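Engineer: missing the sequence, but the structure's below:
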């Protein structure tokens, strides 16, 4: 059994939750398409211009939008006559194709031969970093996994207490040194305790400050290095948490953090409160870092593994 096998257990419930969570994005896309083709029989230059504007408003991003438009233009040129009634299907196919080409293949489960599996979580304050850790801990614990959390965001007021609250809720151990302490020391002790207690997973929070890039890089490097003293393979995953509702700001944050550390996976949160779900497409295309999780609600189970086909279907499905 894989470490993340629990995500598959409630697949039908998760799909329903995803569809509800992406309702605003879906309404924006399909509503925008309906307006574009009103009174039009074929996909012409004015329809393509409107489609470009619509995609940019959905925070797909300029570069990714232009790729999509170019692909649709190529189909228009090839087919000579492209009916507007097919535009939603064509757009759906091109976005699915783009996601498939990027480093966004659907997640493959992992078997850990030398536990614990160590996840280091990075991201700015307010992106949902601590909440994402809590939701993951809850789901791991519910699946019978032993979890240790490290309260390494020692600079933000209440961050340590927030993680402790999630730990209490989930019934998992939280390693904490309190506020204004060395986050690397917290990470070291969390991984050490995870090894000693034969935990399955250790998740370490980090400070959510986009301060001087050199300081950020040095701090994250220090945290990674002290983990390796306890577990040579740690961290197995560096997870960057981004707030999907911030649109282009999320893309800028992905750019800065990917320069500062070797981000291996993305979690895009708060997609249920925005019509900007297109940011998932843009981030996947621009950074070639796998989108591993998406957050579509408040419940712990609303943090789901990203599946590109289900995601596209939830936006464009009738």
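Structural biologist: Structure received. Since the model is a prediction, treat every value here as computed from it, not as a measurement. Numbers count the residues shown, from 1 in each chain.

Engineer: how about the strands in the stretch 101-250 of the chain?
Structural biologist: Along the stretch 101-250 of the chain, counting by DSSP state E, counting those that start in this stretch, strands occupy 117-122, 147-150, 173-175, 201-205, 237-243.

Engineer: quick one: least confident helix or strand in the chain?
Structural biologist: Lowest on mean pLDDT, DSSP states H and E among the helices and strands of the chain sits helix 11-21, with a mean of 70.

Engineer: coming back round to it: nearest to residue 45, out of the strands of the stretch 101-250 of the chain?
Structural biologist: strand 237-243 (34.3 Å; Cβ to Cβ). (C-beta placed from N, C-alpha, C; glycine too.)

Engineer: Mind listing residues that contact that closest one?
Structural biologist: 117-123, 126-129, 132, 224, 249-250, 253-254, 257-258, 261-270, 283, 289, 292-293 (Cβ atoms under 8 Å, 6 or more residues apart in numbering).

Engineer: partners of it, with directions?
Structural biologist: Strand 237-243 has the following strand partners under DSSP bridges: strand 117-122 (parallel), strand 265-269 (parallel).

Engineer: would a markdown table of those with mean neighbour count, mean pLDDT and distance to residue 183 be doable?
Structural biologist: Shown next, in a markdown table, are the strands paired with strand 237-243 (neighbours: other Cβ atoms under 10 Å; pLDDT from 0 to 100; distance: least, Cβ to Cβ, whole Å):
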| stretch | mean neighbour count | mean pLDDT | distance to residue 183 |
| --- | --- | --- | --- |
| strand 117-122 | 25 | 96 | 10 |
| strand 265-269 | 24 | 92 | 20 |
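
Engineer: would you list those in TSV and tack on distance to residue 244?
Structural biologist: Converted to TSV, the strands paired with strand 237-243 look like this (distance: least, Cβ to Cβ, whole Å):
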stretch	distance to residue 244
strand 117-122	16
strand 265-269	5
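
Engineer: With respect to residue 150, which of those strands lies nearest?
Structural biologist: Among these, strand 117-122 comes nearest to residue 150, with 8.9 Å by Cβ to Cβ.

Engineer: and the gap between the residue most central in space within the chain and residue 38?
Structural biologist: The centroid of the chain falls nearest to residue 267 when counting by Cα atoms, centre = their mean (2.0 Å). Applying Cβ to Cβ, to the nearest Å, the value for residue 267 to residue 38 is 38 Å.

Engineer: next one: residue 271
Structural biologist: Taking Cβ to Cβ, one finds residue 271 at 28 Å from residue 38.

Engineer: what's the helix or strand that contains residue 91 packed up against?
Structural biologist: Element membership of residue 91 [criterion: DSSP states H and E] is helix 87-101. Here helix 87-101 touches helix 23-37, helix 45-57, helix 62-79, helix 279-287, helix 308-316, going by 3 or more Cβ pairs under 8 Å, 6 or more residues apart in numbering; DSSP states H and E.

Engineer: got a list of contacts for stretch 55-69?
Structural biologist: With contact meaning Cβ under 8 Å, 6+ apart, stretch 55-69 is reached by 25, 28-29, 32, 48, 51-52, 91, 94-95, 98, 247-248, 251, 275-279, 281-283, 285-286.

Engineer: Could you list the low-pLDDT ranges of the stretch 101-250 of the chain?
Structural biologist: 102-109, 210-213 (pLDDT under 70).

Engineer: mind redoing it with 50?
Structural biologist: Confidence mapping of the stretch 101-250 of the chain against pLDDT under 50 gives the ranges 104.

Engineer: separation between the nearest residue to residue 217 once chain neighbours are set aside and residue 161?
Structural biologist: Leaving aside its sequence neighbours, residue 217 sits nearest to residue 260 (Cβ to Cβ, 6 or more residues apart in numbering; 4.5 Å). Counting by Cβ to Cβ, the gap from residue 260 to residue 161 is 26 Å.

Engineer: out of those two, which sits in the more crowded spot?
Structural biologist: Higher neighbour count among residue 260 and residue 161: residue 260, with 20 against 14, using other Cβ atoms under 10 Å.

Engineer: State the distance from that one to residue 130.
Structural biologist: 19 Å.

Engineer: Could you do residue 272 as well?
Structural biologist: In this view, residue 272 and residue 130 are 18 Å apart by Cβ to Cβ.

Engineer: quick one, which of those two is more surrounded?
Structural biologist: Comparing residue 272 with residue 130 by other Cβ under 10 Å, the one with more neighbours is residue 130, at 26 against 22.

Engineer: Contacts only, for the more buried one.
Structural biologist: Shown in contact with residue 130 (Cβ under 8 Å, 6+ apart): 153, 159, 162-163, 166, 205.

Engineer: Pick the one among those residues closest to residue 147.
Structural biologist: Closest to residue 147, out of all of the contacts of residue 130 and judged by Cβ to Cβ, is residue 166, at 10.7 Å.

Engineer: check contacts around the nearest residue to that closest one once chain neighbours are set aside.
Structural biologist: What sits nearest to residue 166 in space, not counting adjacent residues and going by Cβ to Cβ, 6+ apart, is residue 134, at 2.9 Å. Residue 134 makes contact with 163, 165-167, 169-170, 300, according to Cβ under 8 Å, 6+ apart.
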